[in-house]
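# Provide a 3D model corresponding to the input given below.
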Amino acid sequence: MNPRTIRGSSLRDALSRVRANLGEDAVVLETRPLPELETGAGAPYEILAASAIESRDHLQLDHVETLGDVTTLLHTVRKELRELQSSIPSSSVTEETLAETLVHPLEEMRATLERLEGNRGDPADRSADGDPFVHELIIGGVEPVLARILSERARTRAAPTSGLRIARVPDLHAEFIRCLSVTQPLWSLGAPKAVAMVGPTGVGKTRTIAKLATLSTFVHNRSVGVISTDVKRIGGTETLETLAELAGVPFEAVSDVQDLKAALGAMGARDLVLVDTPGVSPWDDDGLAGLDAMFAATGLERHLVLTSDTPADRARLLGKRFGGSHLRSLIVTKVDESAGPGSVLSGVWGTGLPISHVCDGQSIPDTCHAIDPERWSERVVGTRT
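Residues are numbered from 1 along each chain as shown. Have a look, this model is predicted:
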């Protein structure tokens, strides 16, 4: 956008010059008096404005009729009233004079409000085509319903609390960061910890443990132990057993709570003990009850593993079924198979859990990472200044 600075002998004169130079639909970005140039007729005004088309390109909007436009117009009318009251002798001001002076701005404001009301609709029904901020978030992988919510929140934060000094663009980058709750990765925990991965079948719990065990051992210099309780599934323990042997990490496969307690006791001096659990359907009450009994008997921490394409509403259900308030963090897998990095937000939104790790590939261990909200947000929407 290429805004222009236009001066006039009064606010009304400056606005007339803006309309003459930039058209009737010009957008006022800022107004300010110039008292240093004041004469007997009153203080001149300076307006920073742009044509409607240029402003629309800058904001990446398909329309100009936004709350910001209305606020700008209201601000302009208010300042024009003040200018009129201060520059015209009170004895010469009549109701008819003020009405004639303000008829055009008020009609313009009314028309803008009517267009805004007609286009507003329910934010949940706003299409990506009608809101480029929503579109940008969706392109970055954010679930559409969450993209609309983030866009509305960003717009609300960008709106001025009183008056308008300068038009602002909603900061999607900052809004995404506010919503992306994170916590420390497991390998950074100070005291020795025994943690279990829980979640439905097929989310990648076993491979995630393999990645965490390797990274913790070779990159972060932690002493690690691995335990698998997934002994009924064909091939449930082989991957971890082979990896543990290659990495020199102790491994145990256990079939009941007593064996699990014994294995945990044997590995008690390790910095981090990772426990794999069998995948369970969220509707398998018996299977979930078995997991609850195991955690009650051992005191293991629970960390929920979900794929990045899990919608927020399903993530909410899975969070409740697999431990609710007992869950400590969220691990998001298969980000490389999702619509984009913004997809991780669904799990956070649905479960209310902070993310400790994300996994974005099959390679071990290179595709498991702690998450930095700033850098992750830049992958989704970039930064705005």
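
# buried residues in the helix or strand where Ala244 lies?
Element membership of Ala244, judged by DSSP states H and E, is helix 238-247. Within helix 238-247, the residues that qualify as buried are 239-240, 243-244, 247, counting by 16 or more other Cβ atoms under 10 Å. Yep, even glycine has a C-beta here, placed from its N, CA and C like the rest.

# adding distance to Lys334 and pLDDT, write these out as a markdown table.
Shown next, in a markdown table, are the buried residues of helix 238-247 (distance: Cβ to Cβ, whole Å; pLDDT from 0 to 100):
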| residue | distance to Lys334 | pLDDT |
| --- | --- | --- |
| Thr239 | 16 | 82 |
| Leu240 | 19 | 86 |
| Leu243 | 19 | 84 |
| Ala244 | 23 | 85 |
| Ala247 | 23 | 83 |
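
# quick check: what element follows the helix holding Ala244 along the chain?
Following helix 238-247 in sequence, per DSSP H and E, is strand 251-253.

# so what strands line up beside that following strand?
Paired strands of strand 251-253, with direction, are strand 224-228 (parallel) (DSSP bridges).

# can you map out the strands along the stretch 251-385 of the chain?
251-253, 272-276, 301-307, 327-333, 355-359, 368-369 (DSSP state E, counting those that start in this stretch).

# so for the shortest one, mean pLDDT?
Per-residue pLDDT values across strand 368-369 average out to 92.

# am I right that Gly235 sits in a helix?
No. Going by DSSP: H, G, I helix; E, B strand; the rest coil, the assignment for Gly235 is coil, not a helix.

# give me the neighbour count for it.
By other Cβ atoms under 10 Å, the residues close to Gly235 number 8.

# look up how far Ala50 lies from it.
Separation of Gly235 from Ala50 (Cβ to Cβ, to the nearest Å): 63 Å.

# quick one: low-confidence ranges for the chain?
Where the chain drops to pLDDT under 70, the residues are 1-3, 25, 36, 38-43, 51-130, 159-170, 189, 191, 382-385.

# now do 80
1-4, 23-32, 35-43, 48-131, 156-170, 189-192, 232-236, 365, 382-385 (pLDDT under 80).

# domain map for it?
Following automatic domain parsing, one gets these domains for the chain: 1-120, 122-179, 186-369.

# quick one: closest of the ones you listed to Glu378.
domain 122-179 (7.1 Å; Cβ to Cβ).
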